[in-house]
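In: generate a structure from the sequence data that follows.
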Amino acid sequence: MSADIKNKSLYDYDVNDVSLLVGENIDAVIVVDPSIDAYKTIVRRGMFENFLKESGIYHDLILDLWFHFNDSNEKVSGDYQIFADNTGVFKSKYSRRLNLFLEDEEKPHLVQLTVYPFDDAQKYIFILDEFIDSESLQESLTSKKINTIQGSYLFSMYIDLVQDTTSSINVTEISEDVVDYNLKYSDWRMMIVNMIWPEDQEQFLRRTDPEYLKKNFTPGRTSSYDCMMRNLEGNYIWVKLIFSRAKTYNEDDYRFVFMVQDNHEHSMEIMSTLQKYEEMAIKDPLTSVFNHGEIESQFHNALSFCQKNDTPVSVMMLDLDHFKAVNDNYGHSIGDKTLKHFAKILMEFSVEKETLVGRWGGEEFIIICRGKNSADAYEMAEALREKVAADLFPDICQITCSIGVTELKKDDTFLDAFNRIDKAVYESKDKGRNRVTLL
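Out: Numbers count the residues shown, from 1 in each chain. Alright, predicted model coming up:
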């Protein structure tokens, strides 16, 4: 910069002087031609010497500037990059703040971007300036306040159903700024549906249908529902989708605010709690196998399955031999330990053989074997009997079991099948215990 320009009187400056001063202080100037998807860098100083190429593909430039996480240079999931085609279209002057990251750097560079469209040529000038550290710190503190206010909202936008438009779109993890992507609402729906969990897509399309929204939302009404949606990292998380119709006195004014709230942690806590209650309802508290009610339900299900399909199903009942003597000689606490150890053997067996195990009551257990005929089930029962007899039980060393086996028949009632295995168990005991009987 010449000393003559710097030392001029305020009233002597002209356009050429100002252009020269601005040109020497701007960090980066880019000329863009969207019609050929290309850009050329005219000026690049400071961080932009490494960030910008001399020329390149405009779409890639948009991805580098916009489509990364606000706190890192990690690119967002490819699903969200579909918005890039609509991001780089400017009808008027545009300005926003960006967090940009150089490769291998963790600290962001806060940058001011200003876009100047050519009036008729449909080209743009991008001007980028990096803030000094003190300004960056103040901006960072402001951003933290904004993020605190935004809380867990991942996405928000304004919708006009009559005009079929979207506006003021904000993706919190990319930037706290709002952006207009020049997207029709009808197009947005069909883009976003691919980010919704497949089983939730039909509901999403129904709940976001313009006619549904017009019919079900009076002015000022807000409604929400939960579903799974892919986040910017490409992982499915639980979110709450919120629609709120603008409060207006014009019945034909169908403007809405749409928001996506991160609900994943809360939803997972609820599901974990529900799972615990479900397990409490169906599991035996002592042995952790199915309780009487659940294994009986599974018995009925197996019988129904057998009657509707040609796949064989067999059932076995197991009874610990001389278990009363264990309680009498060692006490009920040792008896409980014996039952738990016995159930552990059955569960390990169940995982290997893909069967269902439940405690019928006392020392009696039932195993349901889908896809196994009587011969298969008898062989499995023999292997299980031998395993129990050879195992070392805590405190009592060894114990045996008697087993009854039956294959379900298409004309069986529940009592028919149950009475057969019950009778088979007693026959095993009458014949000396520690044996398998097939009926």
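In: once you drop chain neighbours, what's closest to residue 23?
Out: Distances taken as CB to CB, 6 or more residues apart in numbering place residue 43 nearest to residue 23, at 7.1 Å, with adjacent residues excluded. In this view, the C-beta of every residue, glycine as well, is placed from N, C-alpha and C.
In: give me the number of residues near the one you found?
Out: A total of 15 residues lie near residue 43 under the criterion other CB atoms under 10 Å.
In: just to check, it is in contact with residue 31?
Out: No. Judged on CB atoms under 8 Å, residue 43 makes no contact with residue 31 at a distance of 10.3 Å.
In: the stretch 101-250 of the chain: helices as residue ranges?
Out: Taking DSSP state H, counting those that start in this stretch as the criterion, the stretch 101-250 of the chain carries its helices at 133-150, 185-192, 201-207, 210-216.
In: wait, residue 246 sits on residue 219?
Out: Yes. Residue 246 lies in contact with residue 219 (CB under 8 Å); the separation is 6.9 Å.
In: who touches both of these two?
Out: Residues touching both residue 246 and residue 219 (CB atoms under 8 Å, 6 or more residues apart in numbering) are residue 253.
In: residues in contact with residue 290?
Out: Contacts for residue 290 (CB under 8 Å, 6+ apart) come out as 282, 283, 284, 298, 356, 357, 358, 359.
In: can I get those residues in a markdown table with pLDDT and neighbour count?
Out: Formatted as a markdown table, the contacts of residue 290 follow (pLDDT from 0 to 100; neighbours: other CB atoms under 10 Å):
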| residue | pLDDT | neighbour count |
| --- | --- | --- |
| 282 | 88 | 16 |
| 283 | 91 | 16 |
| 284 | 90 | 22 |
| 298 | 92 | 19 |
| 356 | 93 | 19 |
| 357 | 94 | 25 |
| 358 | 95 | 28 |
| 359 | 94 | 25 |
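In: which of the residues you listed fall within strands?
Out: With strands taken from DSSP state E, the overlap with the contacts of residue 290 comprises 356, 357, 358, 359.
In: I figured the first one hits residue 295, correct?
Out: Yes. In this structure residue 356 lies within contact range of residue 295 using CB under 8 Å: 7.1 Å.
In: phi, psi of the residue nearest to residue 23?
Out: Main-chain torsions, residue 43, degrees, to the nearest 10: phi -130, psi 140.
In: what comes up buried for the helix or strand where residue 96 lies?
Out: Element membership of residue 96, judged by DSSP states H and E, is strand 94-100. Buried residues in strand 94-100, counted by 16 or more other CB atoms under 10 Å: 96, 98, 99, 100.
In: the third one against residue 105, yeah?
Out: No. Taking contacts as CB under 8 Å, residue 99 lies outside contact range of residue 105: 11.5 Å.
In: would you turn the contacts of residue 290 into TSV with distance to residue 413?
Out: Below are the contacts of residue 290 laid out as TSV (distance: CB to CB, whole Å):
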residue	distance to residue 413
282	24
283	27
284	25
298	16
356	20
357	23
358	19
359	23
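In: contacting residues for the residue nearest to residue 23?
Out: Listed by CB under 8 Å, 6+ apart, the contact partners of residue 43 are 23, 26, 27, 28, 29.
In: out of these, who's the most crowded?
Out: Neighbour tally across the contacts of residue 43 (other CB under 10 Å): the maximum, 22 neighbours, falls on residue 28.
In: where does pLDDT dip in the stretch 1-150 of the chain?
Out: Applying pLDDT under 70 to the stretch 1-150 of the chain flags residues 1-3, 69-73, 76-86, 121, 133-150.
In: for the longest helix along the chain, name the packing helices and strands.
Out: Using DSSP state H to define each element, the chain has its longest helix at helix 332-353. In terms of contacts (3 or more CB pairs under 8 Å, 6 or more residues apart in numbering; DSSP states H and E), helix 332-353 is packed against strand 313-320, helix 323-330, strand 356-361, strand 364-370, helix 374-390.
In: quick check: the residue nearest to residue 111 when sequence neighbours are not counted vs residue 424, distance?
Out: In space, and not counting its chain neighbours, residue 111 is closest to residue 98: 4.7 Å by CB to CB, 6+ apart. For residue 98, the distance to residue 424 equals 76 Å [CB to CB, to the nearest Å].
In: one step back: residue 277: which of the buried residues of strand 94-100 is nearest?
Out: Among these, residue 99 lies closest to residue 277 (CB to CB), at 44.0 Å.
In: burial measure for the closest residue in space to that closest one that isn't next to it in sequence, as a count.
Out: Leaving aside its sequence neighbours, residue 99 sits nearest to residue 108 (CB to CB, 6+ apart; 4.0 Å). Residue 108 has 17 neighbouring residues, counting by other CB under 10 Å.
In: follow-up on the earlier one: report the angle between the axes of the longest helix of the chain and strand 356-361?
Out: Compare the direction of helix 332-353 with that of strand 356-361 by axes from the mean of the first three to the mean of the last three CA atoms, to 10 degrees and you get 150 degrees.
In: how distant is helix 332-353 from the center of its chain?
Out: On the basis of CA atoms, centre = their mean, to the nearest Å, helix 332-353 is displaced by 36 Å from the centre of the chain it belongs to.
In: report the angle between that helix and strand 364-370.
Out: Going by the same axes, to 10 degrees, helix 332-353 is angled at 10 degrees with respect to strand 364-370.
In: give the buried residues for helix 332-353.
Out: Neighbour-count burial for helix 332-353, counted by 16+ other CB under 10 Å, picks out 334-335, 337-343, 345-346, 349-350, 353.
In: list the contacts of that helix.
Out: With contact meaning CB under 8 Å, 6+ apart, helix 332-353 is reached by 284, 286-289, 318, 320, 323, 326-327, 355-357, 359, 363, 365, 367, 369, 380, 384, 387-388, 391, 393-396, 399, 401.
In: and these, which are buried?
Out: Buried members of these, counted by 16+ other CB under 10 Å: 284, 287, 289, 318, 320, 323, 326, 355-357, 359, 363, 365, 367, 369, 380, 384, 388, 393, 396, 399, 401.
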